[in-house]
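Sequence unavailable; structure follows:
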């Protein structure tokens, strides 16, 4: 056999046993007539000892071992003189009697250690080596564990796991589709699913009642830390349920995950916050509740005719940063530069420093009296020693979004976004529609199958922009981890939705005819939710990017630098597909 034990298994109680281990050489050290080798596998590290006095030839062979050689050794377990408290096997070592080199290795392009000298690009290119690092492997082990917990939980709630197709038809769901040409159907294309949305609704029509799938999804959109072109959803759908049924069940699933994975007890009932309240208090539909600095509107105290910038604004809002009145001019200039960055888009930043000695220093001193600035202090709930930061703008939601970015930046600068603290909530009552400047029409905030709030259905004809959706998002630490909605199961209401969204009956039938026809055969009331597995794992692991919990991720340009994909097709393949590539730019 290749091994009797793993490299993380042996303890002092095994002393005297003859064992066989296999793994990779982490490092070698020669000290006098002794050679020490750290042998690593998925389970841990064990120190090997080669003694020149005992077997000179064997020791000489050990001296020639290089990093990442794959070897097999046999020897006896012995108590280690110099204990290593940093590893579980640190009390023992293996006195090696046999060495078998299974395969050699060239020098790795970076050190296979937690604190590696490899940058992102080189580690992505040699991802199979990066995966040997303990810190990366632990992320995938955590992902595996969470997946098992999720499957067991949903199974206990009578959910059935059903696989849905990867090659489907293209449907508009908010992002660009990845498309696949069909050789057997020239000029026609499959699309890769952005989600199994319509398919899981068909499963409800089929009477499956409760469905789930750990589903691969594909979206051709610009990437960022929490986005990849392919990602994984915990995709679920239920029949004969209302919004609270769905929220209660998946809140329970989240509670189970946090307790079993992190030992964290979530509250017995998570708070629910409406979309309008979240935007008013935090400028985001995924607010980070780990710290305060809630928005305070200042229109009534600052729109006085004294300062033209504020007088012309539709919105004036501020945040109170505790204990930061001692910020220097340089620090305040840095914050001003921050909000003026294109990614934020503000025109400037106003500050008011309420100093510890009771004095006030502000960038708008010459426009407002000390008494007026004290009114701002009262409105903000500020104390001596606090700093108030204020933004204004001609569009309320745009300015709130800018203020949200500033709030999060201050949270980062002050170390308030603790990755070991978890604040979860539900956001509800989203707008059913949102206006698209690009399309110059109303778009579905989530997707065309979202149920309007029954109380708002009369508004669909005249004021669709005021209609609330029966939709809900699960948010943790400022990250949208999951979301879903009640679905429309009434054919006439679905037809009205398509009409508002600008679909002609012909276009609706062409793109969603299979679902429209299915609803003619007794569709049950149903609802669903999908969690982003990658995001959920990254939160549990305290990661800054979901790439670190995906085995083979793409880079920020959507490329797999290890496989060098995407790439060009052979002309013969293009000919078989009856395709021509035109790279001309208009």
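Sure, I can see it. Quick caveat: nothing in here was measured; it's all calculated off a predicted structure.

who's in contact with the residue nearest to residue 380 when sequence neighbours are not counted?
By the measure of C-beta to C-beta, 6 or more residues apart in numbering, the closest residue to residue 380 outside its immediate chain neighbours is residue 320, 4.7 Å from it. Quick note: C-beta positions are derived from backbone N, CA and C, even for glycine. Taking C-beta atoms under 8 Å, 6 or more residues apart in numbering as the definition of contact, the neighbours of residue 320 are 292, 293, 296, 380, 381, 382, 386, 387, 388.

List just the nearest of the residues you listed to residue 80.
residue 292 (50.6 Å; C-beta to C-beta).

ok, then the element right after whatever helix or strand residue 405 lives in?
When secondary structure is defined using DSSP states H and E, the element that contains residue 405 is helix 396-413. Sequence-wise, the next helix or strand beyond helix 396-413 is strand 424-428, with elements assigned using DSSP H and E.

Next, the buried residues of that next one.
Counting neighbours by 16 or more other C-beta atoms under 10 Å, one finds that the buried residues in strand 424-428 are 424, 425, 426, 427, 428.

With stretch 349-360 instead?
Along stretch 349-360, these residues count as buried under the neighbour rule (16+ other C-beta under 10 Å): 349, 350, 351, 352, 353, 354, 360.

Sheet-wise, list the partners of the longest strand along the chain with their directions.
The residue-count maximum for a strand in the chain (DSSP state E) belongs to strand 18-31. According to DSSP bridges, the neighbouring strands of strand 18-31, each with its direction, are strand 34-41 (antiparallel), strand 70-79 (antiparallel).

Now do the shortest one: distance to the chain's middle.
It stands for strand 34-41. On the basis of C-alpha atoms, centre = their mean, to the nearest Å, strand 34-41 sits 37 Å off its chain's mean C-alpha point.

Doesn't residue 537 lie inside a helix?
Yes - secondary structure of residue 537, determined by DSSP: H, G, I helix; E, B strand; the rest coil: located in a helix.

Spatially, what comes nearest to residue 568 if we skip its sequence neighbours?
residue 581 (8.0 Å).

who's in contact with the top helix by length along the chain?
Criterion DSSP state H: the longest helix present in the chain is helix 134-156. Where contact means C-beta under 8 Å, 6+ apart, the residues beyond helix 134-156 that reach it are 42, 114, 130-131, 161, 210, 212, 214, 234, 236, 252-253, 256-257, 260-261, 533, 536-537, 540-541, 543, 548-549, 551.

Identify the bridge partners of residue 212.
The residues listed as beta-bridge partners of residue 212 by DSSP bridges are residue 161, residue 236.

circling back: give the contact list for the residue nearest to residue 568.
With contact taken as C-beta under 8 Å, 6+ apart, residue 581 is in contact with 568, 569, 574.

let's see 10 Å
Each residue near residue 581 by C-beta atoms under 10 Å, 6 or more residues apart in numbering is listed here: 568, 569, 571, 574.

Then residue 101?
Under the criterion of C-beta under 10 Å, 6+ apart, the contact list for residue 101 reads 25, 61, 64, 65, 69, 70, 71, 72.

residues in contact with the first one?
What that stands for is residue 25. The neighbourhood of residue 25, defined by C-beta under 10 Å, 6+ apart, consists of 37-40, 48, 62, 65-71, 101, 105, 112.

quick one: buried residues of the longest helix of the chain?
Quick answer for helix 134-156 (16+ other C-beta under 10 Å): 136, 139, 140, 142, 143, 146, 149, 150, 153, 154.

quick one: which two of the residues you listed are the most distant?
Greatest spatial distance in these: 136 and 154, 27.6 Å, computed using C-beta to C-beta.

rewinding a little: can you lay out the buried residues of helix 134-156 as a markdown table showing pLDDT and distance to residue 272?
Listed next are the buried residues of helix 134-156 as a markdown table, based on pLDDT from 0 to 100; distance: C-beta to C-beta, whole Å:
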| residue | pLDDT | distance to residue 272 |
| --- | --- | --- |
| 136 | 95 | 37 |
| 139 | 97 | 31 |
| 140 | 97 | 34 |
| 142 | 97 | 28 |
| 143 | 98 | 29 |
| 146 | 98 | 24 |
| 149 | 98 | 24 |
| 150 | 98 | 23 |
| 153 | 98 | 22 |
| 154 | 98 | 23 |
